[in-house]
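[1] Below are the sequence and a predicted model for it; my questions follow.
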Amino acid sequence: MAEDGQLISCETVASWNEQLHTVKESKKLVVVNFTASWCAPSRSMIPILVELAKKLPDVIFFKVDVDDLKTATQDFDVEALPTFILLKQGNIVDKVVGARKDELQQKITLHGSNV
């Protein structure tokens, strides 16, 4: 179950599918961080996402390791890391490719409600 104020790690297909189903029914903005443990830019964004999750409880943040969830990675056409997919009610509303903190924050503000 998605919880407010934290970066939620989806490590199995079952947990990813459960979380995705839950957020499709939510009106909250969802930010999915496609990452990999071996990717330095991805690792550099984790503390930023943790901080954003604490500051923005009206936004749900997920972390998906591309090596663990290849299907999800393919479903969202992730071709570079990190990639951030912004969803509302299960639909893609925006995307940020690369460790672009400012651009990510701008898009979260643009699409988030009460952010």
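    Sure thing, it's come through.
[2] Go ahead and confirm residue 84 touches residue 34.
    Yes. Between residue 84 and residue 34 there is a contact at 7.5 Å, judged by CB atoms under 8 Å. Every residue, glycine included, has its C-beta placed from N, CA and C.
[3] What are the buried residues along the helix or strand hosting residue 16?
    Element membership of residue 16, judged by DSSP states H and E, is helix 13-24. Neighbour counts over helix 13-24 (16 or more other CB atoms under 10 Å) mark 15-16, 19-20, 23 as buried.
[4] Neighbouring strands of the helix or strand following it in the sheet, and parallel or not?
    Going down the chain from helix 13-24, the next helix or strand is strand 29-35, by DSSP H and E. Strand 29-35 has the following sheet partners, assigned by DSSP bridges: strand 59-65 (parallel), strand 83-88 (antiparallel).
[5] Provide the angle between the direction of the helix holding residue 16 and the direction of strand 59-65.
    If you take axes from the mean of the first three to the mean of the last three CA atoms, to 10 degrees, helix 13-24 sits at 160 degrees to strand 59-65.
[6] which other residues reach helix 13-24?
    1-2, 8, 10, 30, 60, 62, 64, 69, 71-72, 87, 89-90 (CB atoms under 8 Å, 6 or more residues apart in numbering).
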